[in-house]
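S.K.: Just the structure for this:
(2 chains)
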Amino acid sequence: MNKAKQQARAAALFAAALALAGARAHAATPAPAEPLKATVSHWWTSGGESAAIRQFADAFNRAGGQWIDQAVAGAEQSRASTINRIVGGNAPVAAQFNTSRQFRDIVDQGLLNNLDDVAAKNNWDRVLPQVILDVIRIDGHYYAAPVDIHMPAWFFYSKKAFAQARIKDEPRNWDEFIATLDKLKAAGLIPLAFGGQVWQEKIVFDAVFALVGGPELFLKVYRDRDVNAVRSPAFRNVLVSFRKLKAYTDPGAPGRNWNDATALVVSNRAGLQIMGDWAKGEFLAAGQVAGRDFGCFPGFGPKAPYIVAGDAFVFPKTAKPNIVKAQKLLATVMTSPGPQAAFSARKGSIPIRPDVDMSQLDMCARQGLAIMQDTSRQLPNAEMLVDPDLNGALQDVLTNFWNRNQTPEQAQQAFAQAMKDNAW
Amino acid sequence: MVTGRRAACWSAYAALLPMALSVVGVYIGTLLWTARVSVSSARIFPTGDFVGLGQYERLFRNARWLLSLENLAIYGALFILACLVVGFLLAVFIDQKVMGEGALRTVFLYPYAMSFVATGLVWQWILNPELGIQRVVRRLGFEDFTFDWIVDQDKALYTIVLATVWQASGLVMALLLSGLRGIDEELWKAARIDGIPVWRVYLSIVLPMLWPSLSTAFMLLAVMVVKLFDAVVAMTQGGPGTATEVPAKFIMDYLFGRANIGLASAASLVLLATVLAVVAPLYYARTKAMQRGLT
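M.R.: Below you'll find the predicted structure:
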């Protein structure tokens, strides 16, 4: 054996040991500014959406965090992956859900960290709308950081199409609305751009429900599961009104994507679409401006209920102090006024709080934010009130009513049955 | 001699062990787990409680589930029959020593190589009355031409048969073509000398000889029927209404979107039982027939 070689190896080993010890010593001293790493799981993948979430990521990084983006295309897929990762013990630091009962089970199983001190420090009770508080505050604890408000039942119309059909004013009640559709039809246009997918049918139904049935009946059915309300003539009237709209859709509607329906309005081939405020993205992408090329109104008249939905982030349970710190920082950043305004301007939603810089928001969003001041107009989205499987079962009932030749009575019966069957 | 054979036997078992373990662990294990979940009230997460057959009761009260099973039966019968007929005709056609056989084979088999998630969207456009065939033909001057099956409650299911037959009949063709090529040339010569018409030879002699290829094709098609999901999602999303709902989509919907794995598990087991009830006798018959063929 070559002695020199052996010595060299010993020296190398010694040096390595020293280096290791040094490293350990270095780690033992308080790290000066180790960024708080946070893996964030969400489903915002389209152009506008990723630009929006980037606002949160940048703000979080500026505040001393390190955002690790984990986008999963498709809301259902994203939620499924989050739940699998929680069960598998490899939960993301934060994960997106809708502001709804989707995450209720995870809370009940005790798998989320609460945000009580963030909420107390930032005065959530005073700043956030009551409908949202009702969803994120469970047994007195706060379990989600809401990031935006989407109103799923805006009416978008093409100004050109309205001019072509000689319609001067926005309809102020249901009858005027039907008259508007009739005029559009007479002008040879598709009156109502409609996407025949179950969730879109449900959005239109809920819009009709809130406007024709009124918020009281809406809450009685969805919140109180009042079977008598479902069997009432008022609810029958809602169903009849909803089905009446079918005559104003075109034969290509079944299976159509929402953005293809929006494109019909953008290209002035259709007059109107009832859709969430995310549809604005399609108008903007086509270079149109709210108020000039297209109009928007959230229901009829100055007292129309404003349906509140949106997105929120939840924070899976962990005891690791750095992760808990990162979660609290995330929740604080995402709900603070600056990032809120920047996010909503790109997302097409409205901020969860009124005290933000409105200059970046478009006409429709400003209108929405103004309406939100009037708490009496706020109406929770059906998904905030019923569990996902009941919501799905009701979608099945409504899509059958819309597409088959069912009587309203049959639909009432099926609606009530679905409520009973999904009670546990 | 005897010990040598036994040693060989053991090494064979040892080689099979990983497969056996994965069958027990992955298939049987998850099957049992699914069975356990199906008798609990599990929603997003599996829970340990016991609710008896409650989920099954709920399942069979669910109109959409019953409709899904009905759709699957109709779809399955039409799809398998059409694929076998079209595939057989294509195979016979190519077997005539046509020009460019390699190219044609590729063309016919190509749809099977493509994901239906991609081609389904194109089918959706082709069949859409406002975009596809109907519009084109009307523009050609036939104002009254109507082809709107995909938006029709009663006919939408047939559009899915149409599109999936397009996709899968190439596979049947490939299987049957290899069977046809295995048939002795002498047989054809003999038939020609006897003056038997060609169609008669195909029907009475060739087709029975193709039985192993046909049963393989049938099995593969049956599996495709049971797991029918992507075609429906890509073309109709189960619509219009619930007209084209199928069990696999029902299960996926309840598993993820509707966060009810208890009900989804019950549905999976019912589907498995249905498949076993249909396929097991066929499989048995096939094995018997093959044993007869060997002896």
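
S.K.: Mind listing what's buried along stretch B:265-274?
M.R.: For stretch B:265-274, a neighbour-count test (16 or more other C-beta atoms under 10 Å in any protein chain shown) marks B:265-271 as buried. C-beta: built from backbone N, CA, C; applies to glycine.

S.K.: Only the C-alpha atoms, please, for it, written as CSV.
M.R.: Output of stretch B:265-274 as CSV, limited to C-alpha atoms (Å, rounded to 0.1, in the frame of the first residue of the first chain):
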residue,chain,number,x,y,z
SER,B,265,-67.5,2.3,-3.8
ALA,B,266,-70.9,0.7,-3.6
ALA,B,267,-71.3,1.6,-7.3
SER,B,268,-67.9,0.1,-8.2
LEU,B,269,-68.8,-3.2,-6.5
VAL,B,270,-72.1,-3.4,-8.2
LEU,B,271,-70.4,-2.7,-11.6
LEU,B,272,-67.8,-5.4,-10.8
ALA,B,273,-70.5,-7.9,-9.9
THR,B,274,-72.4,-7.1,-13.1
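
S.K.: how about the strands of the stretch 201-350 of chain A, start to end?
M.R.: Listed in chain order, the strands found in the stretch 201-350 of chain A under DSSP state E, counting those that start in this stretch are A:270-275, A:294-297, A:306-314.

S.K.: And A:Ser137, how far from A:Glu383?
M.R.: Check again: residue A:137 is Arg, not Ser. Applying C-beta to C-beta, to the nearest Å, the value for A:Arg137 to A:Glu383 is 17 Å.

S.K.: need the contact list for the residue nearest to the spatial centre of chain A.
M.R.: Nearest residue to the geometric centre of chain A (C-alpha atoms, centre = their mean): A:Gly310, 3.0 Å. A:Gly310 sits next to A:98-99, A:132, A:146-150, A:349, A:352 when contact means C-beta atoms under 8 Å, 6 or more residues apart in numbering or on different chains.

S.K.: And the residues you listed, which is closest to chain B?
M.R.: Nearest to chain B among the contacts of A:Gly310 is A:Asn98, at 11.6 Å by C-beta to the nearest C-beta.

S.K.: leaving aside the residues next to it on the chain, what's closest to that closest one?
M.R.: Of all residues not flanking A:Asn98 in the chain, A:Asp311 sits nearest, at 6.0 Å (C-beta to C-beta, 6 or more residues apart in numbering or on different chains).

S.K.: so what's the one you found up against?
M.R.: Residues near A:Asp311 by C-beta under 8 Å, 6+ apart: A:96-99, A:146-148, A:150, A:349.

S.K.: Which ones among the contacts of A:Gly310 map onto strands?
M.R.: A:98, A:146-150 (DSSP state E).

S.K.: got a winner among those for most neighbours?
M.R.: For the ones in strands among the contacts of A:Gly310, the largest neighbour count, defined by other C-beta atoms under 10 Å in any protein chain shown, is 29 neighbours, found at A:Ile149.

S.K.: Bridged to it, which residues?
M.R.: With DSSP bridges as the criterion, A:Ile149 is bridged to A:Gly310, A:Ile350.

S.K.: Quick check, it in contact with A:Ile307.
M.R.: No - counting by C-beta atoms under 8 Å, A:Ile149 stays clear of A:Ile307, with 9.8 Å between them.

S.K.: and the nearest residue to A:Ala165 once chain neighbours are set aside, what does it touch?
M.R.: Leaving aside its chain neighbours, A:Ala165 sits nearest to A:Ala187 (3.8 Å; criterion: C-beta to C-beta, 6+ apart). For A:Ala187, the contacting residues are A:161, A:164-166, by C-beta under 8 Å, 6+ apart.

S.K.: Which of the residues you listed are buried, as a PyMOL select command?
M.R.: The PyMOL command for the buried members of these (criterion: 16+ other C-beta under 10 Å) is given here:
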select buried, chain A and resi 161+164+165
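
S.K.: Check what pLDDT the residue of the stretch 301-424 of chain A at minimum distance from chain B gets.
M.R.: For the stretch 301-424 of chain A, the residue closest to chain B is A:Asn403, as judged by C-beta to the nearest C-beta, at 3.0 Å. A:Asn403 carries a pLDDT value of 92.

S.K.: In contact with it: list those residues for me.
M.R.: With C-beta under 8 Å, 6+ apart, A:Asn403 has these contacts: A:196, A:254, B:153, B:239-243.

S.K.: Including secondary structure and neighbour count, could those go into JSON lines?
M.R.: Compiled in JSON lines, these are given as follows (DSSP: H, G, I helix; E, B strand; the rest coil; neighbours: other C-beta atoms under 10 Å in any protein chain shown):
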{"residue": "A:Gly196", "secondary structure": "strand", "neighbour count": "24"}
{"residue": "A:Pro254", "secondary structure": "strand", "neighbour count": "27"}
{"residue": "B:Gln153", "secondary structure": "coil", "neighbour count": "17"}
{"residue": "B:Gly239", "secondary structure": "coil", "neighbour count": "26"}
{"residue": "B:Pro240", "secondary structure": "coil", "neighbour count": "25"}
{"residue": "B:Gly241", "secondary structure": "coil", "neighbour count": "25"}
{"residue": "B:Thr242", "secondary structure": "coil", "neighbour count": "23"}
{"residue": "B:Ala243", "secondary structure": "coil", "neighbour count": "23"}
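
S.K.: As a markdown table, those with distance to A:Pro316 and pLDDT would be great.
M.R.: Shown next, in a markdown table, are those (distance: C-beta to C-beta, whole Å; pLDDT from 0 to 100):
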| residue | distance to A:Pro316 | pLDDT |
| --- | --- | --- |
| A:Gly196 | 37 | 91 |
| A:Pro254 | 39 | 90 |
| B:Gln153 | 43 | 88 |
| B:Gly239 | 35 | 80 |
| B:Pro240 | 39 | 90 |
| B:Gly241 | 38 | 87 |
| B:Thr242 | 35 | 90 |
| B:Ala243 | 39 | 92 |
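
S.K.: quick one: which of these is nearest B:Ala77?
M.R.: B:Ala77 lies nearest to B:Ala243 out of the contacts of A:Asn403, by C-beta to C-beta, at 17.2 Å.

S.K.: Let me know the helix or strand that the residue positioned nearest the centre of chain B is in.
M.R.: Closest residue to the average C-alpha location of chain B: B:Met224 at 2.1 Å, with C-alpha atoms, centre = their mean. Following DSSP states H and E, one finds B:Met224 within helix B:211-226.

S.K.: Give the rounded mean pLDDT of that helix.
M.R.: On average, helix B:211-226 scores 90.

S.K.: Contacts only, for the residue in the stretch 251-400 of chain A that chain B sits nearest to.
M.R.: Residue nearest to chain B within the stretch 251-400 of chain A: A:Gly252 (3.1 Å; C-beta to the nearest C-beta). Residues in contact with A:Gly252 (C-beta under 8 Å, 6+ apart) are B:128-131, B:151.
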